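Peer 1: build me a model:
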Amino acid sequence: MEKTKIAVLVSGGGTNLQALIDAEKAGNIPHGKISLVVASKPGVFALERAAKAGIPSVVIERKTYADKPSFEEALLKVLKENGIQMIVLAGFMLVLSADFVKHYPDKIINVHPALIPSFCGDGFYGLHVHEAALKYGVKVTGATVHFVNEVTDGGKIILQKAVDILEGDTPEVLQKRVMEQAEWIILPKACEIVAEKLAKEVALSEDFDDYDSNGKIPLKTLLHHDK
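Peer 2: Numbers count the residues shown, from 1 in each chain. Here you go, the predicted model:
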């Protein structure tokens, strides 16, 4: 069974990218291979992490394109050229449009530093999430990995992990704890869950030559195959 080819989209230091790289190296993502790293701006440390791990990378900078559709067109072109089957948003600071997402249905996952549906949606990113949690006075926060759809942080949840908020926490301290105790743990696990599902779908599809008009394997064919 061939591994699912994964692209990781980043915008900064790439700590979650490193967690994925380490997990793959440790054999914890057996059905997936990080085949490409895409950065939304040049000079970010995530690119150095990719280079050190021997992973090809490319910079697609939003401001170099006239508008969002042309940026997403360029991104989609690069992904298709590299045969990417799955996308992981790991600190990617740009919201992808519904037009883009439809090209990868249930194949794009994102890690969010809160327990969705709390502290999520437009405007909740980076330290803003932890500032909101502390301001509200919640005692437990955490991280969520979810599928990406047309609604910001609105896709189906794959995994969540809770993290306690402690007395005297600052947004920076809380951010670090959530990364260490939740994000770096559940992101690789969720990545493997989705990568395995996609790899099995590809393997199954290769067993059949006849599909219906929607590209689905007819039920009668599946039943015959199971006999």
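Peer 1: could you count how many residues lie near the closest residue to Ser40 other than its chain neighbours?
Peer 2: Excluding the flanking residues, the one nearest Ser40 by C-beta to C-beta, 6 or more residues apart in numbering is Ser11, at 4.6 Å. Every residue, glycine included, has its C-beta placed from N, CA and C. For Ser11, the neighbour count with other C-beta atoms under 10 Å is 20.
Peer 1: Ser11 against Arg62, yeah?
Peer 2: No. The pair Ser11 and Arg62 fails to qualify as a contact (C-beta atoms under 8 Å) at a distance of 9.7 Å.
Peer 1: return the backbone torsion pair for Val173.
Peer 2: Backbone geometry at Val173, expressed as degrees, to the nearest 10, gives phi -70, psi -40.
Peer 1: neighbours around it, how many?
Peer 2: Val173 - counted by other C-beta under 10 Å - has 14 other residues nearby.
Peer 1: what distance do you get for it to Lys80?
Peer 2: 41 Å (C-beta to C-beta, to the nearest Å).
Peer 1: what's the answer for Gly137, then?
Peer 2: From Gly137 to Lys80 the distance is 46 Å (C-beta to C-beta).
Peer 1: more neighbours: which of those two?
Peer 2: For Gly137 versus Lys80, the count of surrounding residues by other C-beta under 10 Å is larger for Lys80: 10 against 7.
Peer 1: where does pLDDT dip in this protein?
Peer 2: 207-227 (pLDDT under 70).
Peer 1: give me that answer again for 50
Peer 2: For the chain, the stretches with pLDDT under 50 are 226-227.
Peer 1: would you map the strands across it?
Peer 2: Here the chain has its strands, by DSSP state E, at 4-10, 32-39, 57-59, 86-89, 108-112, 140-147, 157-164.
Peer 1: just send these back as a markdown table, with distance to Phe100 and mean neighbour count too.
Peer 2: Listed next are the strands of the chain as a markdown table, based on distance: least, C-beta to C-beta, whole Å; neighbours: other C-beta atoms under 10 Å:
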| stretch | distance to Phe100 | mean neighbour count |
| --- | --- | --- |
| strand 4-10 | 11 | 25 |
| strand 32-39 | 13 | 23 |
| strand 57-59 | 16 | 17 |
| strand 86-89 | 10 | 26 |
| strand 108-112 | 9 | 24 |
| strand 140-147 | 14 | 22 |
| strand 157-164 | 20 | 16 |
